[in-house]
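*Asks:* Predicted model follows, preceded by the sequence.
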Amino acid sequence: MAKVTRKWEMFPGRNRFCCDGRLMMAPHAAVFYINVILIIGTSVLFFVFDCPYLSRRVTPVIPVISGVLFLFVIGSLFKTSFTDPGIIPRATDDEAAYIEKQVYISIPNNGGTPTIRPPPRTKEVVIKGNSIKLKYCVTCKIFRPPRASHCSLCNNCVENFDHHCPWVGNCVGRRNYRFFYMFIVCLSLLIIIVFIGAVLHLFYLSENRLMVDAISESPTSVIVVIITFFSCWSVIGLAGFHTFLAASNQTTNEDIKGSFASRTGRPNSNPYSRGNICANYCYVLCSPRPPSLLDRRGVVLSLTESKSTNKNQSRDTVISNKGFEVSDASVNQNGKTDTDEIQLHQYGSSSMLQPDSLDRNQHTFTTSMPSIHHSQNNHVHQSHIINGLYQKPPTSHSSILITSHNHYPTDYFLVPTNPNYFYASLPLRRDRASMYYSAVSRVPSYRCRNNQKLYYRHCREHGGGTSSTRMHLSNSIINNTS
Amino acid sequence: MSPPTIRSSQGNAASQTQGPQYAKVFVQRDYSDGTTVKFMTSFPQGLENKIERTVFEYTINQLNTYFAEAEKASCKTYCEGCFACFTVYTMFLCADTHYEKCLRKVGKFIVEQNEMVYLPRGLLLTNPAERGLRIIEITMLDQPIVART
């Protein structure tokens, strides 16, 4: 029985998943564990050593209320930590290419010379009369919706991004803000009650005695008093701050950036505000909560299918074949004018986009890369003479193969050896080839699977996209082709 | 011949086992009323001569109505939110949220529209929930990208 692959295993962000994708949280949750230990530890000390005395001597109300609050705190803490904060799924490669096309079409073409520099990637939308810039997210390949932001720790765009909270070990966003708010409000109440209880305990013990005797009789109360005393300021302050934010329908992110600061002159320039404080407060905490958009438990089919179908074939042969099919198609339209080529060229820089779906293929591709040499020989019979002008001996990634077509000696084909970088091989003139190269060499990162986790890294050969790299690439093409 | 055809998802060799790639049209979100889910009702150029304007607009408007209902902060949703809060959110273990119910309605509507309107015209609507509520993807089943000329 083959193991079912679920979508959370293919998730491109850095989040960690538990219980087969039912729960998710941010990476590096050490602070979260400290937080949990601190809360549970302090409460247990209080319940075990202070509460029996307090219920006997003062009132049983204090233990009951603190017990209920403790349950609320723990419940809302876990709910905050293990809920999807509202992650926006990354664009499919079709959608990414479509967005890229829209962006590139919008740039003016300066007298036929294609612009290599990508245009500024922002889009303006008007929200209730306020114009707001949407930024393009290079990682997620989308224009971030208003109020969304990219969390660099989790590597996801999060809807209504508030902040990344290491204490709860998760981002705080649209889907878990209410849990987070409930957590800090309940926690501040709990801290106040525990503090008062512990102080009362010490106070009653020290009646008619020295304080030192009281402390030696109940040392845990001192510990509880110290912990709660120092933590209460930050927690109560945070609760107050978030109450203010909720009442004005802002996020921490917007508040820090000063997005709606009154410097614009108008008293209320927050377009998301619903009018009055109560309406905002209720809306933030009780509005309908959208379900998670990630479908973490969905079953992935394509991986297993592709594995079984391509089991007997060498991976690079498949890729090369596809490359040539597309070259043939392009050759058919070879009588096209230069403008078309420019368009192709411009569009070609969409190859900078790396589709999400490729992540899972990366493994196969990289392992098969070194055998590119053999695949050339296989293809000689296809009436393609491959000069095999390499940039360098094929390495595990980003090796680019230049081939020239038999019938069209002036045209050069860039054949993808690493499909993460190219979607198609393009017929290119010699000068275009070098320009194309310089555009392609700007691809900043690649992905690899390392302990089943995906990391972004700079490509050592082509990384940075500095001018020296470009020079190096263009020179080597000219040397090779002339 | 438009530039997007060059994309052809070449590198996407593994997912091509699912079938050929088709040309697609994307309906974008309309943010003019804030962050609530709403889609542009302007008719995309790619659908010219494929579907009637009114039919397309009916679909999008209907979807917008469903999403507006899902996002509407009514008394009922406030009660739901407060009650969930008092049960420490354990209520949602056994009951669907208002939003989930509305999304199910959207899913049903999309299936229905596909069967009645879009598939006969060679189009396929994709549920926006599968694309993160960012876009409505309309696949043109009669335009495989590989078979371009």
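*Replies:* Right, received. Where do you want to start?
*Asks:* residue boundaries of the helices in chain B?
*Replies:* In chain B, the helices defined using DSSP state H lie at B:53-71, B:75-86, B:98-113.
*Asks:* Next, see if the shortest one gets close to chain A.
*Replies:* Read that as helix B:75-86. Yes: Helix B:75-86 comes into contact with chain A (Cβ under 8 Å from any Cβ of the partner chain), by way of B:77-78, B:80-82, B:85. C-betas here are computed from N, CA, C, even on glycine.
*Asks:* Low-confidence stretches in the stretch 1-150 of chain A?
*Replies:* By pLDDT under 70, the weakly predicted segments of the stretch 1-150 of chain A are A:1-2, A:103-120.
*Asks:* at 80 what do you get?
*Replies:* For the stretch 1-150 of chain A, the stretches flagged by pLDDT under 80 are A:1-5, A:10, A:99-123, A:128-131.
*Asks:* Could you pull out the helices in it for me?
*Replies:* A:30-45, A:51-57, A:61-82, A:93-105 (DSSP state H, counting those that start in this stretch).
*Asks:* Of all the ones you listed, which one is nearest residue A:146?
*Replies:* Closest approach to residue A:146 among these (Cβ to Cβ): helix A:93-105, 16.5 Å.
*Asks:* Could you export the helices of the stretch 1-150 of chain A to CSV, including columns for distance to residue A:228 and mean neighbour count?
*Replies:* Shown next, in CSV, are the helices of the stretch 1-150 of chain A (distance: least, Cβ to Cβ, whole Å; neighbours: other Cβ atoms under 10 Å in any protein chain shown):
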stretch, distance to residue A:228, mean neighbour count
helix A:30-45, 7, 15
helix A:51-57, 14, 15
helix A:61-82, 11, 19
helix A:93-105, 50, 20
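*Asks:* centroid residue for chain B?
*Replies:* Centroid check for chain B by Cα atoms, centre = their mean gives residue B:128 as the closest residue, at 2.6 Å.
*Asks:* That one touches residue B:109, doesn't it?
*Replies:* No: contact criterion Cβ atoms under 8 Å: residue B:128 and residue B:109 do not qualify, at 11.2 Å.
*Asks:* Name the residues contacting each of the two.
*Replies:* By Cβ atoms under 8 Å, 6 or more residues apart in numbering or on different chains, residue B:128 and residue B:109 have these common neighbours: residue B:63.
*Asks:* Scan chain B for its longest strand.
*Replies:* The longest strand of chain B (DSSP state E) is strand B:136-144.
*Asks:* what lines up beside it in the sheet?
*Replies:* Using DSSP bridges, the strands paired with strand B:136-144 in its sheet are strand B:22-27 (antiparallel), strand B:123-126 (antiparallel).
*Asks:* Format the CA atom coordinates belonging to it as CSV.
*Replies:* This file holds the C-alpha atoms of strand B:136-144, laid out as CSV (Å, rounded to 0.1, in the frame of the first residue of the first chain):
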residue,chain,number,x,y,z
ILE,B,136,-11.5,32.8,-10.8
GLU,B,137,-9.7,30.7,-13.3
ILE,B,138,-11.5,30.0,-16.6
THR,B,139,-9.9,27.3,-18.6
MET,B,140,-10.5,27.2,-22.3
LEU,B,141,-10.7,23.6,-23.0
ASP,B,142,-10.7,24.1,-26.8
GLN,B,143,-7.4,25.8,-26.7
PRO,B,144,-4.6,23.5,-25.7
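*Asks:* who touches that strand?
*Replies:* Contacts with strand B:136-144, where a contact means Cβ under 8 Å, 6+ apart, come from A:94-95, B:20-27, B:39, B:44, B:46-47, B:50, B:60, B:63, B:118-119, B:122-126, B:128, B:131.
*Asks:* And residue A:403, what's its pLDDT?
*Replies:* On the pLDDT scale, residue A:403 is placed at 37.
*Asks:* For the closest residue to chain B within the stretch 101-250 of chain A, name its beta-bridge partners.
*Replies:* Distance from chain B to each residue of the stretch 101-250 of chain A (Cβ to the nearest Cβ) is smallest for residue A:125, at 4.5 Å. Residue A:125 has these beta-bridge partners by DSSP bridges: residue A:132.
*Asks:* give the contact list for it.
*Replies:* By Cβ under 8 Å, 6+ apart, the neighbours of residue A:125 are A:131-132, A:134, A:146, B:31-32.
*Asks:* Out of the residues you listed, which two sit at the greatest distance?
*Replies:* The largest separation in the contacts of residue A:125, counting by Cβ to Cβ, is between A:134 and B:32 at 12.8 Å.
*Asks:* List the contacts of stretch A:41-50.
*Replies:* Here stretch A:41-50 makes contact (Cβ under 8 Å, 6+ apart) with A:63, A:66-67, A:70, A:190, A:194, A:197-198, A:201, A:218, A:220-221, A:223-224, A:227-228.
*Asks:* Give me the subset of those lying in helices.
*Replies:* With DSSP H as the criterion, helices contain A:63, A:66-67, A:70, A:190, A:194, A:197-198, A:201, A:220-221, A:223-224, A:227-228 from among the contacts of stretch A:41-50.
*Asks:* Any chance of TSV for the strands paired with strand B:136-144, columns mean pLDDT and mean neighbour count?
*Replies:* Below are these laid out as TSV (pLDDT from 0 to 100; neighbours: other Cβ atoms under 10 Å in any protein chain shown):
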stretch	mean pLDDT	mean neighbour count
strand B:22-27	85	20
strand B:123-126	87	19
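*Asks:* Any idea which of these gets closest to residue A:88?
*Replies:* Of all those, strand B:22-27 comes closest under Cβ to Cβ, at 15.2 Å.
*Asks:* related to what we said a few turns ago, compare neighbour counts for residue A:134 and residue B:32 and give me the winner.
*Replies:* residue A:134 (18 against 12; other Cβ atoms under 10 Å in any protein chain shown).
*Asks:* Isn't the more buried one up against residue A:146?
*Replies:* Yes: counting by Cβ under 8 Å, residue A:134 touches residue A:146, with 6.7 Å between them.
*Asks:* Now the common contact residues for those two.
*Replies:* Common neighbours of residue A:134 and residue A:146, using Cβ under 8 Å, 6+ apart, are A:125, B:31.
*Asks:* hang on, the earlier thing: closest one to residue A:181 out of the residues of helix B:75-86 next to chain A, please.
*Replies:* Using Cβ to Cβ, residue B:85 comes nearest to residue A:181 of the residues of helix B:75-86 next to chain A, at 9.9 Å.
*Asks:* For the nearest residue to that closest one once chain neighbours are set aside, give its distance to residue A:286.
*Replies:* Nearest residue to residue B:85 in three dimensions, chain neighbours excluded: residue A:182, at 6.3 Å (Cβ to Cβ, 6 or more residues apart in numbering or on different chains). Using Cβ to Cβ, to the nearest Å, one obtains 11 Å as the distance from residue A:182 to residue A:286.
*Asks:* if I look at these two, which residues touch both of them?
*Replies:* residue B:85.
*Asks:* Quick one, grab the pLDDT at residue B:74.
*Replies:* pLDDT recorded at residue B:74 is 82.
*Asks:* Also residue A:375?
*Replies:* At residue A:375, the model reports a pLDDT of 37.
*Asks:* Just want the phi and psi numbers for residue A:139.
*Replies:* phi -70, psi -50 (degrees, to the nearest 10).
*Asks:* Touching, it and residue A:90? I think so.
*Replies:* Yes: Residue A:139 is within contact range of residue A:90, at 7.4 Å (criterion: Cβ under 8 Å).
*Asks:* out of those two, which sits in the busier spot?
*Replies:* Taking neighbours as other Cβ under 10 Å, residue A:139 and residue A:90 compare with residue A:90 leading, 23 against 16.
*Asks:* got a list of what the more buried one touches?
*Replies:* By Cβ under 8 Å, 6+ apart, residue A:90 lies in contact with A:12, A:139-142, A:356.
*Asks:* Pull the most distant pair out of these.
*Replies:* Across the contacts of residue A:90, no pair lies farther apart than A:12 and A:142, at 12.7 Å, counting by Cβ to Cβ.
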